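Colleague: I would like the atomic coordinates for the input below:
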Amino acid sequence: MTGKWWRIATGVCALVSVWCLLGGYATAADWTAVTDERLLNAGKEADNWLMYYRTYDGWRHSPLNQISTQNAAKLVPKWFLALGEVGNQEATPVVNNGIMIFPAGSVRRIQIFAVDAAKGERRWLLHQLRPDDCKGEGHCRDERPRGNGHPRVRRGTECRHGGKRLEDLDGPRPWRTRP
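Modeller: Sure, this is the predicted structure:
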């Protein structure tokens, strides 16, 4: 797998894992825990996109019917969010009760956004510079979260650095890594 495709794949894994694990303890009133049962029954939640393909059958189909061939040409953007990076946004966002989570990384830094999907307002942002030994093409897969089922998100790099943990949708991380 080439470096570009490896980064895309790890970014998608990061997005899904971070989003799913955050649901277990988030303090925001509109955040619902993402459980195994919800993921298994994701097809019954038309307003949510809980994982990469939306459902385990892999169809990537939304049952929402507000957009049709009759009104598609009339669609206009309601909001946009500058991610602070040059390039394409290549990861599939996930959505839980109106909160959209997605990564936006570059060779220099890693970012994970949580955004109110209806308004485009940023709920929180994880932003960190990549360690110096992780700034090369395909050298580190640091956008891939590590989780063990604990209701906190644990992120780390595959370089020589330790993990990071996000506290909740609005709170601080309880620790930072040291080189």
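Colleague: Please make it C-alpha for all contacts and neighbour counts, starting now.
Modeller: Will do.
Colleague: Next, Glu37: secondary structure please.
Modeller: The three-state assignment at Glu37 reads helix, by DSSP: H, G, I helix; E, B strand; the rest coil.
Colleague: If you could redo that for Ile112, that was the one I meant.
Modeller: Classified using three-state DSSP, Ile112 is strand.
Colleague: Just confirm it contacts Ala104, I think it does.
Modeller: Yes. Contact criterion Cα atoms under 8 Å: Ile112 and Ala104 qualify, at 6.2 Å.
Colleague: Show me the common contact partners of these two, please.
Modeller: Residues touching both Ile112 and Ala104 by Cα atoms under 8 Å, 6 or more residues apart in numbering: none at all.
Colleague: Low-confidence regions, this structure specifically.
Modeller: For the chain, the stretches flagged by pLDDT under 70 are 1-30, 86-88, 105-107, 130-179.
Colleague: so where do the strands sit in it?
Modeller: Using DSSP state E, the strands of the chain run over 94-96, 99-103, 109-116, 122-129, 145-146, 153-156, 163-166.
Colleague: Tell me how far Lys44 lies from Thr55.
Modeller: The spacing between Lys44 and Thr55, counted by Cα to Cα, to the nearest Å, is 9 Å.
Colleague: who are the neighbours in contact with Ala46?
Modeller: Ser62, Pro63, Leu64.
Colleague: what's the closest non-adjacent residue to Ile101?
Modeller: Closest residue to Ile101 apart from its sequence neighbours, by Cα to Cα, 6 or more residues apart in numbering: Ala114 at 4.5 Å.
Colleague: hang on, Lys119 packs against Leu81?
Modeller: No. Using Cα under 8 Å, Lys119 is not in contact with Leu81; the gap is 10.4 Å.
Colleague: neighbour-wise, which of the two wins?
Modeller: Lys119 (12 against 9; other Cα atoms under 10 Å).
Colleague: residues contacting the more buried one?
Modeller: Lys78, Trp79.
Colleague: Throw the strands of the chain into a markdown table and include mean neighbour count and distance to Thr69, thanks.
Modeller: As requested, those are exported to a markdown table (neighbours: other Cα atoms under 10 Å; distance: least, Cα to Cα, whole Å):
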| stretch | mean neighbour count | distance to Thr69 |
| --- | --- | --- |
| strand 94-96 | 24 | 24 |
| strand 99-103 | 25 | 26 |
| strand 109-116 | 19 | 27 |
| strand 122-129 | 15 | 31 |
| strand 145-146 | 22 | 38 |
| strand 153-156 | 22 | 40 |
| strand 163-166 | 19 | 41 |
